[in-house]
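Student: for reference, the sequence and a predicted model appear below.
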Amino acid sequence: MHEYVEIGKGREARAAYDLHDLSLVPARRTRSSKVVDTTWHIDAYSFDVPLVSHPTDALASPEFVIEMGRQGGLGVLNAEGLLGRHASFSDAVKRVISAASIEWDDLESLLKSQSDATAILQELHQAQLDMDLFAEHMARVRDSGATVAVRVSPQNARELAPQLVKAGAELLFIQGTIISAEHVQQGGEPLNLKEFIGTLDVPVIAGGVFDYSTAMHLMRSGAAGVIVGSGQSNQSMSLDVPLATAIADVAAARRDYLDETGGRYVHVIANAPVQSSGQIAVALGVGADAVMLGEPLARAVEASGEGMYWESAIAHPRFPRGEMRQVVPAEQREPLQTVLHGPSHDPHGTMNLVGGLRRIMAKCGYEDPKSFQKVSLTVRK
């Protein structure tokens, strides 16, 4: 039963919960973290850990995506980012980092630094997309043995997706800050995902969504996975639905769709602005099959942002959203292997993310992510 709160005379709002509002309940019967299996299977692809990297230029160079695959996760390239727009991806990213890393000692300096870096990102994104250049980056990932996963926006999916599939994309992410089953844009035909997905020969993961109804529409469109949430991008628009409730609602749609189709399972991927292994565990506990990580992975030496993090929406030419953050000084970065698998000297759960997840699952008595979706939860009040 939903809980509603009266926010004024004749106006109610549904009460909702974020990941940090919930706690996991340890079980009577625990197990060793060494027997916990974190494997995630989606369509024909298997991964050792249920973690996906956010498709942002702050992370996703080919080198980072390849290393993400080596460490058992799924790295995602951004087809509309800087990789396909500039022959030297590293030089383009360094321009952004230099503007954002100016020394500042007051709020005014910080805001100017953010504004300058955003303006440079917007400028860099005005360069023409070169799909042949981007295909070369995809080929490097494919030749390494990693799964080639690529993100495209709903606005440009009709034009770019067939080219990406032809170039070798194995998993296609149609991802925006908010998505629907039928995207309407000025001066063009609506993108009907049900019709469009049926024309593609690869599994499609679509999002972000925040509610049961939209998730059900995407599942009925043929998506293999649905992304819940939009990372940090929507907070400035007050479209930031508390994620624990959103994940639970979409998980309910997955259950009902499974019954409706007699067995077709659609994966739920939480695009959550998490900071620790505990928040990853809560996202899985309320119903996600995998978690899309952004900022925590910026600590990795392989991440292209050199300790800085931002998401793609900040480069929007008219309405940039999000912010640029220094997650860690460049000289304090650690190998991605350490970020994901340890060993760690950090006591806050921001390193050895997979090791922490295994330990949490073990303390709650579960041995795999699917069964962990039944974990008992409590709400902080």
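Tutor: Yep, it's here.
Student: ok so residue 13 is a strand residue?
Tutor: Yes: counting by DSSP: H, G, I helix; E, B strand; the rest coil, residue 13 falls inside a strand.
Student: quick check: beta-bridge partners of it?
Tutor: Taking DSSP bridges as the rule, residue 13 bridges to residue 5.
Student: was I right about it contacting residue 7?
Tutor: Yes: under the criterion of Cβ atoms under 8 Å, residue 13 makes contact with residue 7 at 5.1 Å. C-beta here means a position set from N, CA and C on the backbone, and glycine is covered the same way.
Student: over to stretch 373-381 now: how far is its first residue from its last?
Tutor: 22 Å (Cα to Cα, to the nearest Å).
Student: oh, I was asking about stretch 215-225
Tutor: Using Cα to Cα, the two ends of stretch 215-225 sit 10 Å apart.
Student: repeat for stretch 71-83
Tutor: Start-to-end, stretch 71-83 (Cα to Cα) is 22 Å.
Student: got a list of contacts for stretch 138-158?
Tutor: 45, 47, 52, 55, 62, 65-66, 68-70, 74-80, 160-161, 164, 167-176, 179, 183, 185, 191, 196 (Cβ atoms under 8 Å, 6 or more residues apart in numbering).
Student: the bottom helix or strand of this structure by mean pLDDT?
Tutor: Within the chain, judged by mean pLDDT, DSSP states H and E, the helix or strand with the poorest mean is strand 182-183; its value is a mean of 52.
Student: can you flag the buried ones in the contacts of stretch 138-158?
Tutor: Those of the contacts of stretch 138-158 that meet the buried threshold are 47, 52, 55, 62, 65-66, 68-70, 74-80, 160-161, 164, 167, 169-176, 179, 183, 191, 196, by 16 or more other Cβ atoms under 10 Å.
Student: give me the subset of the residues you listed lying in strands.
Tutor: Counted as lying in strands by DSSP state E, out of the buried ones among the contacts of stretch 138-158, are 47, 52, 76-78, 171-175, 183, 191.
Student: so which residues of the stretch 1-150 of the chain form helices?
Tutor: Secondary structure of the stretch 1-150 of the chain by DSSP state H, counting those that start in this stretch: the helices cover 62-70, 89-100, 107-124, 131-144.
Student: give me the phi and psi angles of the closest residue to residue 38 other than its chain neighbours.
Tutor: Spatial nearest neighbour of residue 38, excluding adjacent residues (Cβ to Cβ, 6 or more residues apart in numbering): residue 49 at 4.9 Å. Main-chain dihedrals, residue 49, degrees, to the nearest 10: phi -130, psi 150.
Student: mind checking pLDDT for residue 49?
Tutor: For residue 49, the pLDDT comes out at 98.
Student: next, find the distance separating it from residue 353.
Tutor: 8 Å (Cβ to Cβ, to the nearest Å).
Student: what touches both of the two?
Tutor: With Cβ under 8 Å, 6+ apart as the test, residue 49 and residue 353 both reach residue 340.
Student: quick one: low-confidence parts of the stretch 251-381 of the chain?
Tutor: Residues of the stretch 251-381 of the chain that meet the criterion pLDDT under 70 lie in 315, 317, 319-320.
Student: likewise for the stretch 1-150 of the chain?
Tutor: 1, 101-112.
Student: all strands of the stretch 201-350 of the chain, in order?
Tutor: Ranges of strands in the stretch 201-350 of the chain, per DSSP state E, counting those that start in this stretch, are 204-209, 225-228, 267-271, 290-293, 308-309, 325-326.
Student: nearest approach to residue 342 belongs to which of these?
Tutor: strand 290-293 (15.7 Å; Cβ to Cβ).
Student: residue 201 - how many residues pack around it?
Tutor: 9 (other Cβ atoms under 10 Å).
Student: go on, residue 275?
Tutor: 17.
Student: over to residue 363?
Tutor: Neighbour count for residue 363, taken as other Cβ under 10 Å: 16.
Student: correct me, but it touches residue 26?
Tutor: Yes: in terms of Cβ under 8 Å, residue 363 counts as a neighbour of residue 26; the distance is 4.9 Å.
Student: how about the helices of the stretch 1-150 of the chain in TSV, adding distance to residue 247?
Tutor: Shown next, in TSV, are these (distance: least, Cβ to Cβ, whole Å):
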stretch	distance to residue 247
helix 62-70	22
helix 89-100	31
helix 107-124	30
helix 131-144	29
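Student: any idea which of those is most buried?
Tutor: helix 62-70 (a mean of 22; mean count of other Cβ atoms under 10 Å).
Student: tell me what angle it forms with helix 89-100.
Tutor: Angle, helix 62-70 to helix 89-100, by axes from the mean of the first three to the mean of the last three Cα atoms, to 10 degrees: 100 degrees.
Student: show me what helix 62-70 is packed up against.
Tutor: Counting contacts by 3 or more Cβ pairs under 8 Å, 6 or more residues apart in numbering; DSSP states H and E, helix 62-70 packs against strand 51-53, strand 76-78, helix 131-144, helix 336-341.
Student: for residue 91, find the nearest of those.
Tutor: Among those, helix 131-144 sits nearest to residue 91 (Cβ to Cβ), with 13.9 Å.
Student: figure out how far the closest one is from the centre of its chain.
Tutor: Its chain's C-alpha centre and that of helix 131-144 lie 21 Å apart, by Cα atoms, centre = their mean, to the nearest Å.
Student: you'd agree residue 242 is up against residue 16?
Tutor: Yes: when contacts are counted by Cβ under 8 Å, residue 242 is listed as touching residue 16 (4.0 Å).
Student: on that earlier part again, among the helices of the stretch 1-150 of the chain, which is nearest residue 277?
Tutor: The nearest among these, by Cβ to Cβ, is helix 62-70 at 16.8 Å.
Student: what does that closest one rub up against?
Tutor: Counting by Cβ under 8 Å, 6+ apart, helix 62-70 makes contact with 53, 74-77, 83, 137, 140-141, 144-147, 149, 297, 300, 302-304, 336-337, all of which sit outside it.
Student: that older thread, between residue 49 and residue 353, which has more neighbouring residues?
Tutor: Neighbour count, other Cβ under 10 Å: between residue 49 and residue 353, residue 353 has more, with 29 against 23.
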